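Engineer: mind looking at a prediction? Sequence and model below.
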Amino acid sequence: MGSIKERQINEVDLNDATRHRHMPPLRFFISGGEIEGDCMRNYIIKRLLIAIPVLFLISVGAFLLVHLTPGDPADMYISPDMTKDQIELTRISLGLDKPLVVQYVDWIKNLMSGNLGFSFAKCKSPY
């Protein structure tokens, strides 16, 4: 029989082992163990692949929400004293004369390049 301290240490080790049965041993994460490493890598890859269509659907929803609201998006840029030719030039410069799919592709390109548009608060481009 061991001392009281040895029995207490053994009991703690046993309790920890049974309490955390679902957790993999730390040595597999440190050494890059095959089983846990592959599971974690597969989990991350799976989550990244799921994120692609989710982000696509969110972007389509945001784009459609802006374009399907009542009114013309060019109205924010048009002043009452503008002529019809100036209004049409404004619509062309904003790309609103293009089909909706082309507008979406242009919007995504601008979004990916960091061009977030015009700031109405500061009356200038944010970058």
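Structural biologist: Received it, and whenever you're ready, just let me know what you need. It should be emphasised that the depicted structure is a prediction, and the values quoted were computed from it without experimental measurement.

Engineer: average pLDDT for the longest helix seen in the chain?
Structural biologist: Scanning the chain for the longest helix, with DSSP state H as the assignment, gives helix 34-67. In this model, helix 34-67 has a mean pLDDT of 87.

Engineer: same deal with stretch 77-96?
Structural biologist: The pLDDT scores in stretch 77-96 average 87.

Engineer: and that stretch, what's buried?
Structural biologist: 77, 87, 90-91, 94, 96 (16 or more other Cβ atoms under 10 Å). (Glycine included, C-beta is placed from N, CA and C.)

Engineer: also stretch 105-123?
Structural biologist: Trp107.

Engineer: just the CA trace of that stretch, in CSV.
Structural biologist: What follows is stretch 105-123, C-alpha atoms only, in CSV (Å, rounded to 0.1, in the frame of the first residue of the first chain):
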residue,chain,number,x,y,z
VAL,A,105,-20.8,40.5,-60.6
ASP,A,106,-19.5,44.1,-60.6
TRP,A,107,-20.7,44.5,-57.0
ILE,A,108,-18.9,41.4,-55.9
LYS,A,109,-15.7,42.5,-57.7
ASN,A,110,-15.8,45.9,-55.9
LEU,A,111,-16.5,44.2,-52.6
MET,A,112,-13.6,41.8,-53.0
SER,A,113,-11.2,44.6,-54.0
GLY,A,114,-12.2,46.7,-50.9
ASN,A,115,-14.3,49.3,-52.8
LEU,A,116,-17.3,49.6,-50.5
GLY,A,117,-18.8,52.6,-52.4
PHE,A,118,-19.5,56.2,-51.6
SER,A,119,-19.9,57.5,-48.0
PHE,A,120,-22.9,59.7,-47.7
ALA,A,121,-21.8,60.8,-44.2
LYS,A,122,-18.5,62.1,-45.4
CYS,A,123,-19.5,62.9,-49.0
